[in-house]
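Chemist: 3D model of this:
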Amino acid sequence: MLTIFERYLFRQFLYINAIYFCVILGLFTIIDLFDNVDDFLVHGDGNGAFGIAARIVLYYSRQGMLIFDTASIPLIAISVLTAILLLKKNGQVKPFLSAGVPTYRIITPALLLGVSVMMCVKIVNREVFLSDAGHYQHASRGSAEKTLHLVVPKYDHASQILIDGWAVYPEEKRIEKTAFLLPPDIAGNDMINLQAAEAKFYPQKGKYPSGWLLKDVHPRPETIPLTQKGKKYIKRTRQPDNVYVVSEIGPDLIYKANGSSRFLSTTQLVSRINSPAIDANAARGLEFDLHMRLVEPILAGMMIVIAIPIILERESRGLILSAGKCGFWLFIILASTYVVRFLPSLQISEPVQAAWLPLFFVVPFAIWMLDTVET
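Modeler: Numbers count the residues shown, from 1 in each chain. Have a look, this model is predicted:
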């Protein structure tokens, strides 16, 4: 059971997080709306000011989910710093020290519980709300129409089929003016460009594999001399003009794949890493993202262990200097999580090693700082 003071500190930590998040989202909304308010006015749905306001709220609510996922760890860092600074400024730690209660016993349980709550909110946000909503970061402002993106051609490394087209609508999981290039080991003795008016992606459901349903295909399916391997990936449908192409390359992989992969749920991430359709380099990047999700909660907890002795140092030189020193070291910790992202691409380390590398520096530093706290 938490004491009265611990409950007070826990609530204060959550309030600080909420305030900082509202400030960040408010600044983003004001700046972005100031530059792009015309988009909401032009795409008005005829409901007047109420309709425009509803579209603004809907758009920036979705952006808020993306912002929270990206900024949650920096929010935790600055909230830990602020909460401990307020304790020191108000002299709320001294009475407990006078009673013989250790500093870490006063502060750590409540802040660790607060960090756990914030990490749980982040996990729910990512696993439930953002798992199929990464396209929100590229959504058009104010328009009720689905957002159009140009297709970036992508190979399915399992079948060696090149997936191409003119435009992709991620919300509808649809490609317009589709062009799937079939290799000779799929289409017979020659390469065949399988064109269609549109294609829609269907995820795996039970024993039915994921893939693209191509409508009004050319050339017609019966004229393609499919090989034994081709019959595995090219399926005819009840409609003679349609064909189903088995593939695990979804809509998010044929436009801005690097930006949308970090919003996948953990289940989707593991499935994509093990998928033979994904190339080795992309799988290495996904492995890094998976292990960073394991490292982030540990780093968030270590920030508390580091911030306490820096701010509540035995021989402190002042509140402002302590705040600056603590902010510097927390910034170094956060910056290290971004720097290590480049190590696998530079062939310096493996993705798993790069993801866990910040802990090899943070943990010894935290242990070294333990004895400097006033207690």
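Chemist: average pLDDT for stretch 252-259?
Modeler: Mean pLDDT, stretch 252-259: 71.
Chemist: same thing with stretch 268-286?
Modeler: Per-residue scores along stretch 268-286 average to 85.
Chemist: could you give me the buried positions within it?
Modeler: 268-269, 271-273, 275, 277-278, 282-286 (16 or more other CB atoms under 10 Å). (C-beta placed from N, C-alpha, C; glycine too.)
Chemist: farthest pair within those residues?
Modeler: Gln268 and Arg284 (17.0 Å; CB to CB).
Chemist: ok, now which ones touch the residue nearest to Val363 when sequence neighbours are not counted?
Modeler: Spatial nearest neighbour of Val363, excluding adjacent residues (CB to CB, 6 or more residues apart in numbering): Met302 at 6.7 Å. Applying CB atoms under 8 Å, 6 or more residues apart in numbering to Met302 gives the contacts 333, 359, 362-363, 366.
Chemist: cool, Leu87 as well?
Modeler: Counting by CB under 8 Å, 6+ apart, Leu87 has contacts 9, 93, 107.
Chemist: who's in contact with stretch 277-284?
Modeler: By CB under 8 Å, 6+ apart, stretch 277-284 touches 155-159, 247-249, 257, 272-273, 286, 344, 350-351.
Chemist: buried subset of those residues?
Modeler: Using 16+ other CB under 10 Å, the buried ones in the contacts of stretch 277-284 are 155-159, 247-249, 257, 272-273, 286, 344, 351.
Chemist: would you put the C-alpha positions of stretch 275-295 in PDB?
Modeler: What follows is stretch 275-295 as a C-alpha-only set of coordinates in PDB (Å, rounded to 0.1, in the frame of the first residue of the first chain):
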ATOM      1  CA  SER A 275       8.000 -13.200 -42.900                       C
ATOM      2  CA  PRO A 276      10.000 -14.500 -45.900                       C
ATOM      3  CA  ALA A 277       8.500 -11.700 -48.000                       C
ATOM      4  CA  ILE A 278      10.500  -9.100 -46.100                       C
ATOM      5  CA  ASP A 279      14.100  -8.400 -47.200                       C
ATOM      6  CA  ALA A 280      17.000  -9.000 -44.800                       C
ATOM      7  CA  ASN A 281      17.800  -5.300 -44.300                       C
ATOM      8  CA  ALA A 282      14.200  -4.300 -43.500                       C
ATOM      9  CA  ALA A 283      14.000  -7.300 -41.000                       C
ATOM     10  CA  ARG A 284      17.100  -6.000 -39.200                       C
ATOM     11  CA  GLY A 285      15.500  -2.600 -38.700                       C
ATOM     12  CA  LEU A 286      12.400  -4.300 -37.400                       C
ATOM     13  CA  GLU A 287      14.400  -6.400 -35.000                       C
ATOM     14  CA  PHE A 288      15.900  -3.200 -33.600                       C
ATOM     15  CA  ASP A 289      12.400  -1.700 -33.100                       C
ATOM     16  CA  LEU A 290      11.300  -4.800 -31.300                       C
ATOM     17  CA  HIS A 291      14.200  -4.800 -28.800                       C
ATOM     18  CA  MET A 292      13.900  -1.100 -28.300                       C
ATOM     19  CA  ARG A 293      10.300  -1.700 -27.000                       C
ATOM     20  CA  LEU A 294      11.900  -4.000 -24.300                       C
ATOM     21  CA  VAL A 295      14.600  -1.500 -23.500                       C
END
